[in-house]
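*Asks:* need a structure here:
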Amino acid sequence: MVDGGDIDNARFCQVKDGDKILKFSPYEVDEFGFKDDRTYKSFPIKIGNTISRYFLGRLVEGKVNLYYLRAKGGIRRYYLNKENSNDLIELPTIQKDFSVLLDSIVTGCPQATNNIPYIKLTKNSLTRFVKEYVDCSKTPFPRFQYGFTVGINAVKLSAVDKGGIYSIPNYNNILSISIGAFMDIPIQSGNFSFHPEIYYNRFGTSKAFDNENTRNNLVINYSSISFPLLLRYTILRNGISPYFQAGPVYSMSIKNEGTLFEYKMTGNNVFIDIIDSSVLQKNMGGFSAGSGMILKYGSKYSWFGELRYTKLYNLKQESKLLNISEITLGIGLIF
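*Replies:* Residues are numbered from 1 along each chain as shown. Got it, this is the predicted structure:
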């Protein structure tokens, strides 16, 4: 068998015989396939006012079969037919129309009916939907979502330069609260999704330490807006759906105050030197990774809880600056 691609496979069944390639039309061959289980079946198709036979690629086989035709110009058409029937039903290109048609076909499986509003007229979306209908799966369908989150953060600071003035090994753990919003956009109707977020975080801390003959106290007041761009994988289930996610994070400070108080003792006198200088960079970058669980993914409103780790680095390697590590326990509402 010779694979000519979707467009040529729709017109010919090609077989290599020695040095020759033999071509058979849909009027001569009823069905052909390849070792990777791709199958093409001959059907009469009406395009415009003309009826001609084409080989349609079979995407799903079962009590309902799903076929597609890729004609010249790259246009895809999708067709359904019931088991042991040669009568094809072409899916309309308008969302509302093919949703009504599917609703009349997928009877006896309530979850399939609930999934119809989230289907797109694409190969991946239709294939997943029909397969799950054939199996009468109770799995909710991937869909665009958005929501809001609030989290409790355990923040830890660390020095960029281990030999610098701020290379203190035991910075205090800082508790803070973050609030944010997000979107979840399925990738090709699969379990992977693009998950961009925006959240606000604020914390303040002070740390006393000794440096040679100087007693120091570092005071930090910091707030920022962060933009994680995460790739999420969700194990879709009817009850609790676990997920895992990771990706880069960009953070921009809104308030970035750092004050270093230096106390020097000379005889019986104490001299105080106050240095106002940010010890966190305005723009920081890093990564975030974590996992969580969504309660009733397919519902109109869903709740979730998650645990994540975020590491933010100063983009300029200056010895006086600090990096940020965060462990966040968050909950949120999904629409």
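
*Asks:* the worst-scoring helix or strand of the chain on mean pLDDT packs against which elements?
*Replies:* The helix or strand of the chain with the lowest confidence, counting by mean pLDDT, DSSP states H and E, is strand 269-276 at a mean of 76. Helices and strands touching strand 269-276, by 3 or more Cβ pairs under 8 Å, 6 or more residues apart in numbering; DSSP states H and E, are strand 240-266. The C-beta positions use only the backbone N, C-alpha and C, and glycine is treated the same way.

*Asks:* quick one on the thing from earlier: neighbouring strands for the least confident helix or strand of the chain, and are they parallel or not?
*Replies:* In the sheet, strand 269-276 lines up against strand 240-266 (antiparallel) (DSSP bridges).

*Asks:* who touches stretch 224-233?
*Replies:* Residues from elsewhere that reach stretch 224-233 (Cβ atoms under 8 Å, 6 or more residues apart in numbering): 180, 184, 191-202, 243-254, 284, 288, 310, 312.

*Asks:* ok, of the residues you listed, which come out buried?
*Replies:* Neighbour-count burial (16 or more other Cβ atoms under 10 Å) applied to those gives 180, 184, 191, 193, 195, 197, 199, 201, 243, 245-247, 249, 251, 253, 284, 288, 310, 312.

*Asks:* picking up where we left off before, right, and the helix or strand after the least confident helix or strand of the chain?
*Replies:* Following strand 269-276 in sequence order, the next helix or strand is strand 283-295 (DSSP states H and E).

*Asks:* please identify the buried residues of that next one?
*Replies:* By 16+ other Cβ under 10 Å, the buried positions in strand 283-295 come out as 284, 286, 288, 290, 292-294.

*Asks:* any stretches of the stretch 151-300 of the chain with poor pLDDT?
*Replies:* 162-164, 267 (pLDDT under 70).

*Asks:* from I294, how far off is K255?
*Replies:* Distance, K255 to I294, using Cβ to Cβ, to the nearest Å: 33 Å.

*Asks:* returning to what we had before: out of the buried residues of strand 283-295, the closest to E61 would be?
*Replies:* Closest approach to E61 among these (Cβ to Cβ): I294, at 31.8 Å.

*Asks:* can you report phi and psi for N115?
*Replies:* Per-residue torsions, N115: phi -80, psi -20 (degrees, to the nearest 10).

*Asks:* which residues touch it?
*Replies:* 129, 132, 140-141, 298.

*Asks:* switch the cut-off to 7 Å
*Replies:* For N115, the contact set (Cβ atoms under 7 Å, 6 or more residues apart in numbering) comprises 129, 140-141.

*Asks:* ditto for I7
*Replies:* Going by Cβ under 7 Å, 6+ apart, I7 touches 70, 72.

*Asks:* how close does it get to N172?
*Replies:* Distance of I7 to N172, given as Cβ to Cβ: 65 Å.

*Asks:* burial count for E61?
*Replies:* Close neighbours of E61, defined as other Cβ atoms under 10 Å, add up to 16.

*Asks:* please apply the same query to I168.
*Replies:* Every residue meeting other Cβ under 10 Å relative to I168 is counted, giving 19.

*Asks:* roughly how far does it sit from Y222?
*Replies:* 16 Å.

*Asks:* before we move on, what about V29?
*Replies:* 71 Å.

*Asks:* and I240, by the same measure?
*Replies:* 36 Å.

*Asks:* tell me which of those two has more neighbours.
*Replies:* A side-by-side neighbour count of I240 and Y222, using other Cβ under 10 Å, places Y222 first with 24 against 12.

*Asks:* the more buried one pairs with what?
*Replies:* Counting by DSSP bridges, Y222 is bridged to F203, N256.

*Asks:* now do the one 5 residues further on
*Replies:* According to DSSP bridges, the partner residues bridging F227 are Y250.

*Asks:* for G286, see how far away it is.
*Replies:* Distance of F227 to G286, given as Cβ to Cβ: 11 Å.

*Asks:* what do the two both touch?
*Replies:* Joint contacts of F227 and G286 (Cβ under 7 Å, 6+ apart) are V249.

*Asks:* which ones are touching S42?
*Replies:* 26, 29-31, 53, 55.

*Asks:* then N213?
*Replies:* K264.

*Asks:* with L236 instead?
*Replies:* The neighbourhood of L236, defined by Cβ under 7 Å, 6+ apart, consists of 139-140, 142, 191, 297.

*Asks:* which element is it on?
*Replies:* Counting by DSSP H and E, no helix or strand carries L236.

*Asks:* ok, now how distant is it from S137?
*Replies:* Using Cβ to Cβ, L236 is found at 9 Å from S137.

*Asks:* one more: A208?
*Replies:* To S137, A208 is 60 Å away according to Cβ to Cβ.

*Asks:* who has more neighbours out of the two?
*Replies:* The neighbour comparison of A208 against S137 (other Cβ under 10 Å) goes to S137, with 18 against 12.

*Asks:* helix, strand, or coil at that one?
*Replies:* Per DSSP: H, G, I helix; E, B strand; the rest coil, the secondary structure class of S137 is coil.

*Asks:* contacting residues for the closest residue in space to D273 that isn't next to it in sequence?
*Replies:* Ranked by Cβ to Cβ, 6 or more residues apart in numbering and with sequence neighbours excluded, the top spatial neighbour of D273 is E262, at 4.2 Å. Residues near E262 by Cβ under 7 Å, 6+ apart: 214, 216, 273, 275.
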